Structures are given as C-alpha cells and as structure tokens.
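Participant: here are the coordinates; sequence isn't available:
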C-alpha cells in the first residue's frame, strides 16, 4: 500500500470511530474529526519521525495527578520514546482528544480496548485530554498555552543539541488568543526552526463561524508578519499536507495552515451549518440520519 | 543592623556558578529585578521574554520538563495576576521545577496599585503543588535560593530588592519560622518587611513589661511548623499577625487556620493592608498610611491587651537593631 493510501485509510478510520462514539454517547466533537482526520493521519503515518509506542496498549486507569501520584506518567509514550533525534508531537486543542485517540488506534499505538475507556469515570482516556491522556504530553485545555510550552521544550532541546523536531497541532480559534501571538514573537526572536505547527483551519469555534466571532484572518499574512514561515494547503489532501512539512524555513518556525471543512467525510452534518463545535442530537431524526449515514458508509457498528 | 544593596544581584551570580541547570527568564525588567549581572555573566543561560508574561510562564514549564530549572523574574503582579492560568496549567499542575521570583511585595513600591502585590500570598497559597516562600532580610534573600532549588515542584518567592537590612545570620529553612523572641503574653507572627518593624516595636514593648513570642515566617506554604502552634498555645492574651499583604488569605489566615483546626479559642488580631488596594507613595508614608509600621503594631498590641502603654514614635526610633544570631535556637535568644 502506498503511504498515501495508508494515510487515507487512517483518516477514514478516524472518522468512522469518532462517528461511532458520537452515536454511542449521544454527542461529541465530531466535526473536529472531519476537519483534522487527514492532518493527523499524514503527520502520524508519514511526516513525523516517531519511534514505536512505549506505553501500555491499554491505558492504565487514572492514578492521580502530578505531585500526588509517585508513579505518574504523561501520555507521551504513545508517541514513542523521547530520543534526541526523534520528533515530538504536542496537541494544543485537546477537545480533539477523541480524534487523537482514534489516530493512535488506527496507527497501532493504542489498543481498541483503550478507546472503549473514552469518557468513562476513572479513566485517563478523557473527553478533554489532560497530559496523562494517551498521545498527550502537555496540559493544553486552556487554549493557547501549548505553543509557548513547546517554546520552552524547543529551547531546552536546542541547548541539549537535540536534532528532533517539535510538531504542534493547533486550531485556528487559538489565533484569537494574545498568548499565541506572544509565542510567535518568541519563536522568531529565538529563531526556533525546530517548531512546526499544523493548524486545523476549519473556520469554526465554539460559537460558530470564526469570522462572526473574531477577526483572525488573513492568517497567512499575519503569521508571516510575525516572523514565521506560513504555507496554506488543502487540509484534506494528504500529499499537500506532506509536502508542506518540507517547506524551507531555516531560522524560522513553520506554520502549515490546513484549510479544512468541518463536515468532510461525514457530509450529512452539512445541514448543521454554522454550528459544528459539538455535535448533539436535538431530535430523533438527526440521530437517525447519522446512523443511516454510518451504515451506508461503514456498515454495522461494532457497539450497536 | 546593616543595610545592604543589590543582594540578589550579586548572590545569584555566585550561587548559579556551579548549577548549569539554572536558567533565568526575564520579562523586560532585567535591571529592576537584579538579574542584569546574571545576564552579563551567563548570557547562554539568560532568556529574554519581553513583556510576554503568559508566554514566558508556559515556556518556563516547557523548559522545566526538559531538565532545566527556570528562575522566572519579574514584578510579582505580572506573574500571579496576569499569568495565573499559565502558572496553574503550564507549571503547577505538572508539578514542574519552576521558581517564580516575584518582586515588589505589598507596599514596597511607589508604583501604586498596578505594581503592588498585595494579595499574592493568598492566591499562590491556593494553587495546588505550590510552595510559597517570603524573604525579610538579606540573609533570607540569599539563602532562599538553596531552599527553593531543593523543592521538587514549583515555588513562589516573595523577593526583596534594593536596600535590604541584614537581620539574621543563619540560613532560611523550609517550613521553619525564625524564632526571634520567646514570651508568654502574646504570640506575634510577622513576614517580609514587617519583621524589621516588629523588631523595633518588640524591644520597646518588652521594656514596658509585655512578654512576646515573635516568629518571623518565611514559609507560607506548607504552613506546618509546630513552633507556630506552640507559640499560640503559650500566649496568655492572644495572637497578632502583622503582614505586608491584605488581611485576607495571607499570614493572618494561615495562623487563623492553625488556631481553628487546633481548637485554640484565643483572640487573633490580623494587622496588614485592610482589604483595600493601595496607592503610590514613599515607603514610610505607605507604611504609616496602611498601618504597617512599628507604631501600628504597638497600637495593635495595646488593643489586644486592653491597655495603653504610653509608647510614642520617639521611643521606637531610638531602637538599635542587631542581627539575630542562632535564631532557630531558643537558648541563644
């Protein structure tokens, strides 16, 4: 199988799993899976140089927070070991947690049984990912903090002579936040070209369309003006997403603005415009429509 | 008592010489927080973050995750107020070894409400995993570094700069108040700059027959020194706290919590900034206006005892302070 086909298979699996959970739980962050499936699939299958998972395939139950649990670990082990030459992955909008968990399952980094713990009490496979959640390394649920945390990590890795890159997955809504722009200034000031951010630019935030909530565009020009290299691609084109990572950016951080569609691959959601942030069912017909769509596209659901 | 200047400036450079893991973060207040000499001596270990305190706090967390110990310097208000969410989620939740060095505690600055950290102890004490320390003299300022560096988690330090008295000779110790006087009428707890004022007052009060147990508190959290409860239990007339902080959530509350939990039914008088923002002015003016000088303490003691002691300003001015030796040992008092 070509890497493109593999990336597309993973992306399709992400959408299928997140759709199934949305049906099972009566709601979920489904549009985020629709918009970001190819981004995460391409990063995990082709772009990032990660080692194999070093975490238990089935995540252990919640055992306490840092400072209180002596055996505490973050969920970074699912992204492979920390080695000087290896890349690291950091997710910023952690309400995409289920999308990331589905990615880990599709790429063989977490067992399917681990995904079944999603949103269950006593589990670390939480709805809004914490740093102990599989695939997570940072506390990022208060949006806009991950990029700055990665600056600290990238400065330290440079000081230690490490050559691995630092990938950050971001949402476009985070470009409303002042701290994001503080981080951009700092990336430029310290010439941190080990930082590569992929932005799921789905044009959506909690209230609805971002352009009706706050002015963040023109994103590419603004990011460039702050001293980084920015490239804009079709966020559902795995080849374009892969090529973007190879954009020359010596001495500068690289931002890949992936223009995406919040119902790509689950087109039945289109009629919900402009509200996509959290898919819930207000009428039985909405649920039935998604059930029907699932069966037509992917067949019988495992948990049904 | 001697007055010393630029204590942190000089000490930090010496102290960090053999600690390559120590890095300093600054938010465009490098000279104002006495880290200019560090920046010049160790340019590779100095990180300028400009006025991006939120970003700086999160980056400190990131760097601490990779084995460095960021010592983040700026005015306290721009840390615990402006960057509180970042302190909580990027540093405190992950229990990272970041040292937050907050300058301009209480009314030590003429900068007014925007610059005066009057409720920082209350806020930082409420943050899980956080250790909260406060310095009151040159020895505290120097020796708090070792104490903070040994903590496996985040530390907030209420730091002094500029001209500072040297009141003590022994190093600051985590969780141990400095016992400056032993007595049986009152238990008096002070922290930071109120300690020097209190030392003036207690000399005169003692001469008038008031027996005072005086403890200088340097660890606000954890607040579990057994000497605190012991002093409270031995105090015949009651307890006074005297702090360069609002009377809400700081030293007064710490002592009140200890008293309530131990079931000690004694009067507690909390002296400090009385639940108000302050304004800009000289330090002596502000200390008088907000009731933080030696005379304010004397009046508080009179209130608690229910009698006038006839002490006036001239009596307090005449006091000559000597550095306290062996301040952890009762026998050297």
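Facilitator: Structure's in. What do you need? Fair warning: this is a prediction, and the values are worked out from it, not measured in the lab.
Participant: Please report how far residue A:268 lies from residue A:95.
Facilitator: 21 Å (C-beta to C-beta, to the nearest Å). Heads up, the C-betas are built off the backbone N, CA and C, glycines and all.
Participant: So between these two, which is more surrounded?
Facilitator: Neighbours per residue, other C-beta atoms under 10 Å in any protein chain shown: of residue A:268 and residue A:95, the larger number sits with residue A:95, 20 against 17.
Participant: distance of residue B:147 from residue B:181?
Facilitator: Relative to residue B:181, and taking C-beta to C-beta, residue B:147 is found at 23 Å.
Participant: Repeat that for residue A:262.
Facilitator: Separation of residue A:262 from residue B:181 (C-beta to C-beta) stands at 69 Å.
Participant: next one: residue B:146
Facilitator: In terms of C-beta to C-beta, residue B:146 sits 26 Å off from residue B:181.
Participant: For these two, indicate the residue with more neighbours.
Facilitator: Each of residue B:146 and residue B:181 has its neighbours counted (other C-beta under 10 Å); residue B:181 has more, 20 against 13.
Participant: roughly how far apart are the closest residue to chain A within the stretch 201-333 of chain B and residue B:129?
Facilitator: Proximity of the stretch 201-333 of chain B to chain A (C-beta to the nearest C-beta) peaks at residue B:222, 12.7 Å away. As judged by C-beta to C-beta, residue B:222 and residue B:129 stand 11 Å apart.
Participant: all strands of the stretch 1-150 of chain B, in order?
Facilitator: For the stretch 1-150 of chain B, the strands defined by DSSP state E, counting those that start in this stretch occupy B:2-5, B:22-26, B:46-48, B:69-75, B:99-103, B:131-134.
Participant: cool, and the stretch 101-250 of chain A?
Facilitator: Under DSSP E, counting those that start in this stretch, the stretch 101-250 of chain A gives strands at A:166-171, A:195-201, A:204-205, A:208-209, A:229-234.
Participant: tell me the mean pLDDT over the third one?
Facilitator: Read that as strand A:204-205. For strand A:204-205, mean pLDDT is 94.
Participant: neighbours of the residue nearest to residue A:213 when sequence neighbours are not counted, just the number please.
Facilitator: Leaving out its chain neighbours, the residue that sits closest to residue A:213 by C-beta to C-beta, 6 or more residues apart in numbering or on different chains is residue A:207, at 4.9 Å. Residues near residue A:207, counting by other C-beta under 10 Å, number 13.
Participant: Same check on residue A:288?
Facilitator: Other residues close to residue A:288 by other C-beta under 10 Å number 11.
Participant: Where does chain A get nearest to chain B, residue-wise?
Facilitator: Residue of chain A nearest chain B, by C-beta to the nearest C-beta: residue A:152 (2.4 Å).
Participant: Could you list the low-pLDDT ranges of chain B?
Facilitator: Scanning chain B for pLDDT under 70 picks out B:325-333.
Participant: wait, I meant chain A
Facilitator: A:303-304.
Participant: top helix in it by residue count?
Facilitator: The residue-count maximum for a helix in chain A (DSSP state H) belongs to helix A:3-25.
Participant: how far out from the middle of the chain is that one?
Facilitator: Mean-position distance between helix A:3-25 and its chain equals 13 Å (C-alpha atoms, centre = their mean, to the nearest Å).
Participant: Also stretch B:135-144?
Facilitator: The answer for stretch B:135-144 is 9 Å, by C-alpha atoms, centre = their mean.
Participant: swap in stretch B:115-122?
Facilitator: Stretch B:115-122 sits 11 Å away from the centroid of its parent chain (C-alpha atoms, centre = their mean).
Participant: now do stretch B:293-303
Facilitator: Stretch B:293-303 sits 20 Å away from the centroid of its parent chain (C-alpha atoms, centre = their mean).
Participant: in that stretch, what's buried?
Facilitator: Residues of stretch B:293-303 classed as buried by neighbour count (16 or more other C-beta atoms under 10 Å in any protein chain shown): B:293-302.
Participant: Same check on stretch B:241-260?
Facilitator: For stretch B:241-260, by 16+ other C-beta under 10 Å, it's B:241-247, B:249-255, B:258-259.
Participant: Please confirm that residue B:157 is located within a strand.
Facilitator: Yes - if the criterion is DSSP: H, G, I helix; E, B strand; the rest coil, then residue B:157 is within a strand.
Participant: how much space between it and chain A?
Facilitator: 19 Å (C-beta to the nearest C-beta, to the nearest Å).
Participant: Go through the buried residues of stretch B:241-260 and name the one nearest residue A:35.
Facilitator: Looking at those and their distance to residue A:35, the nearest is residue B:249, at 44.2 Å (C-beta to C-beta).
Participant: Skipping adjacent residues, who's closest to that closest one in space?
Facilitator: Distances taken as C-beta to C-beta, 6+ apart place residue B:122 nearest to residue B:249, at 2.5 Å, with adjacent residues excluded.
Participant: What is the burial count for that neighbour?
Facilitator: Neighbour count for residue B:122, taken as other C-beta under 10 Å: 21.
Participant: same check, this time on residue B:40
Facilitator: Neighbours around residue B:40, by other C-beta under 10 Å: 11.
Participant: how about the closest residue in space to residue A:268 that isn't next to it in sequence, what does it touch?
Facilitator: Once flanking residues are discounted, residue A:268 sits nearest to residue A:293: 4.2 Å by C-beta to C-beta, 6+ apart. Shown in contact with residue A:293 (C-beta atoms under 8 Å, 6 or more residues apart in numbering or on different chains): A:19, A:266-268.
Participant: How is the closest residue to chain A within the stretch 151-300 of chain B assigned, secondary-structure-wise?
Facilitator: Here the residue of the stretch 151-300 of chain B nearest chain A is residue B:153; by C-beta to the nearest C-beta that distance is 5.7 Å. Here residue B:153 is recorded as coil under three-state DSSP.
Participant: what secondary structure does residue A:45 sit in?
Facilitator: helix.
Participant: Which residue, neighbours along the chain excluded, lies closest to it?
Facilitator: Nearest non-adjacent residue to residue A:45 (C-beta to C-beta, 6+ apart): residue A:7, at 4.8 Å.
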